[in-house]
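Trainee: I'd like to go over a predicted model; first the sequence, then the structure.
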Amino acid sequence: MRVGIVGATGYGGAELLRILHTHPYFEITALYTSSQQGRNIHEHYPHLTGIIPLTLEEINPIKMAKDTDVVFLAVPTGVASQLAPELLSAGCMVIDLTGDFRLKNTEDYEFWYKREAAPKEWIQKAVYSIPELNNASIKGSQFISNPGCYPTATLLGLAPLAKAKMLKEGSVIIDAKSGVSGAGQTVSLGNIYSELNENFKIYKVNQHQHIPEIEQMLKELGYVSPVTFQTHLVPMTRGIMTTIYGSVEEKITEDELWKLYYEFYIDKPFVRVREMGVFPATKEVAASNYCDIGISFDERTGRATIVSVIDNLMKGAAGQAVQNANLLFGFEETAGLHFSPIYP
Ligand SMILES: NC(=O)C1=CN([C@@H]2O[C@H](COP(=O)(O)OP(=O)(O)OC[C@H]3O[C@@H](n4cnc5c(N)ncnc54)[C@H](OP(=O)(O)O)[C@@H]3O)[C@@H](O)[C@H]2O)C=CC1
Ligand SMILES: CC(=O)N[C@@H](CCC(=O)OP(=O)(O)O)C(=O)O
């Protein structure tokens, strides 16, 4: 299958290149840019010298549809709302990594993202897919909306309890932390070394654009209340940890809670439920497509604490996008994604 990547010069794009250049069924045939036409990708990313000898091409949907079978959009949110429909109309399959097609309600998008939403008919066509939580098969669709990084970690952490309808409505609090590559390669004051180093910051308090995405999916799973969701920037390059608190409706033991999670994910190759009492760290999934989950239940308070970690660029973006592409084309879900985490 011929693959094109728009935004190959960004962090999500770089991760797609790392995964796809050794993928058994996909071949990267074209890279597209809005600002660097004619340059070789290694001029932007010297680490790719001798590995991916491709020149960056201009974005031309008609030509792109002729030259590729599927296009990954690793562009800023806001750019895909116009570009994806153009590519789809030209006959391309599209995997969109942006937030532009995740929210089914356009008013929610406009409220949280503070910009105009994509056309409704295309939003309806987009399949939002965290593969471990999909009810329907995505094979046969043309257009995938890849989930956000924080929602992936959060929803995988909450899904077993939400689906079992064991979460007390109104009780969920998500405390999330991310490494700085989550903000992409664009420079901003908050992301420079002297602002980040030896610092720990909360940001977008009660205003994060991933709140409606988390709530939309939680509703589908069976939990309908709003959630409290806060995000923090950690002075590290990769990784997300979400520490999730929720009250459990029924009287259960910690053993029973662990069994619920273990069985929910038993046939899911990328979710590793840790042994009871063992909690994952971000480094234990770095550069891999795993989501690792640790669980604890406090019988005193009736509250569960769930810790889930991912690599924001892998399971949080490019890894999950390739996992979705594998499913879209009927390949094995894990194809090209057998990366063990980099440690130490
Ligand atoms: N970083 C992360 O951990 C995650 C990112 N995402 C999402 O993935 C997408 C990509 O993120 P990320 O790689 O981090 O971002 P980056 O800022 O690192 O890269 C985005 C790339 O988009 C390209 N671009 C900029 N403006 C335009 C435009 N007008 N038209 C076409 N291309 C444009 C740029 O390349 P060029 O100048 O060559 O065109 C740039 O390299 C975003 O929507 C982000 O929200 C989702 C989950 C996690
Ligand atoms: C650390 C950091 O800044 N992370 C970004 C994640 C952005 C992202 O992935 O945005 P969409 O998925 O909504 O496009 C943030 O919190 O906004």
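Mentor: Ah, there it is. Numbering: from 1, shown residues only. Ligands and ions are numbered 1, 2, ... in the order given.

Trainee: give the contact list for Ile295.
Mentor: By C-beta atoms under 8 Å, 6 or more residues apart in numbering, the contact list for Ile295 reads Glu254, Leu257, Trp258, Tyr261, Val273, Arg274, Met276, Ala304, Thr305, Ile306, Val307. Any C-beta I mention is one placed from the backbone N, CA and C, and that applies to glycine too.

Trainee: repeat for Phe143
Mentor: Applying C-beta under 8 Å, 6+ apart to Phe143 gives the contacts Ala84, Leu88, Met93, Val94, Asp96, Phe101, Trp122, Lys125, Ala126, Val127.

Trainee: okay, and which of the residues you listed map to strands?
Mentor: Using DSSP state E, the subset of the contacts of Phe143 located in strands is Met93, Val94, Asp96, Val127.

Trainee: for those residues, pick the one with the most neighbours.
Mentor: Neighbour counts for those, by other C-beta atoms under 10 Å, peak at Asp96, which reaches 29 neighbours.

Trainee: gap between that one and Asn146?
Mentor: 6 Å (C-beta to C-beta, to the nearest Å).

Trainee: sorry, back to before: pull out the buried residues from the contacts of Ile295.
Mentor: Leu257, Trp258, Tyr261, Val273, Arg274, Met276, Ala304, Thr305, Ile306, Val307 (16 or more other C-beta atoms under 10 Å).

Trainee: tabulate these (a markdown table), appending secondary structure, distance to Leu327 and pLDDT.
Mentor: Rendered in a markdown table, the data for these read as follows (DSSP: H, G, I helix; E, B strand; the rest coil; distance: C-beta to C-beta, whole Å; pLDDT from 0 to 100):
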| residue | secondary structure | distance to Leu327 | pLDDT |
| --- | --- | --- | --- |
| Leu257 | helix | 29 | 96 |
| Trp258 | helix | 28 | 97 |
| Tyr261 | helix | 23 | 98 |
| Val273 | strand | 22 | 98 |
| Arg274 | coil | 26 | 98 |
| Met276 | coil | 31 | 92 |
| Ala304 | strand | 30 | 97 |
| Thr305 | strand | 31 | 98 |
| Ile306 | strand | 25 | 98 |
| Val307 | strand | 27 | 98 |
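
Trainee: and the residues you listed, which is closest to Ser188?
Mentor: Ser188 has its nearest neighbour among the buried ones among the contacts of Ile295 in Val307, at 28.6 Å by C-beta to C-beta.

Trainee: just checking, the closest one touches Thr243?
Mentor: Yes - counting by C-beta atoms under 8 Å, Val307 touches Thr243, with 5.4 Å between them.

Trainee: what comes up buried for stretch 183-199?
Mentor: For stretch 183-199, the neighbour count (16+ other C-beta under 10 Å) marks Ala183, Gly184, Asn191, Leu196 as buried.

Trainee: can you check stretch 18-31 too?
Mentor: By 16+ other C-beta under 10 Å, the buried positions in stretch 18-31 come out as Arg18, Ile19, Leu20, His23, Phe26, Ile28, Ala30, Leu31.

Trainee: now swap in stretch 111-120 and tell me
Mentor: Trp112, Tyr113, Ala117, Ala118.

Trainee: which residues are contacting it?
Mentor: In contact with stretch 111-120 (C-beta under 8 Å, 6+ apart) are residues 77-78, 80-82, 84-85, 99-101, 103, 106-107, 109-110, 123, 207, 209, 211-212.

Trainee: would you mind measuring the gap between the ends of it?
Mentor: By C-alpha to C-alpha, to the nearest Å, the extent of stretch 111-120 from end to end equals 15 Å.
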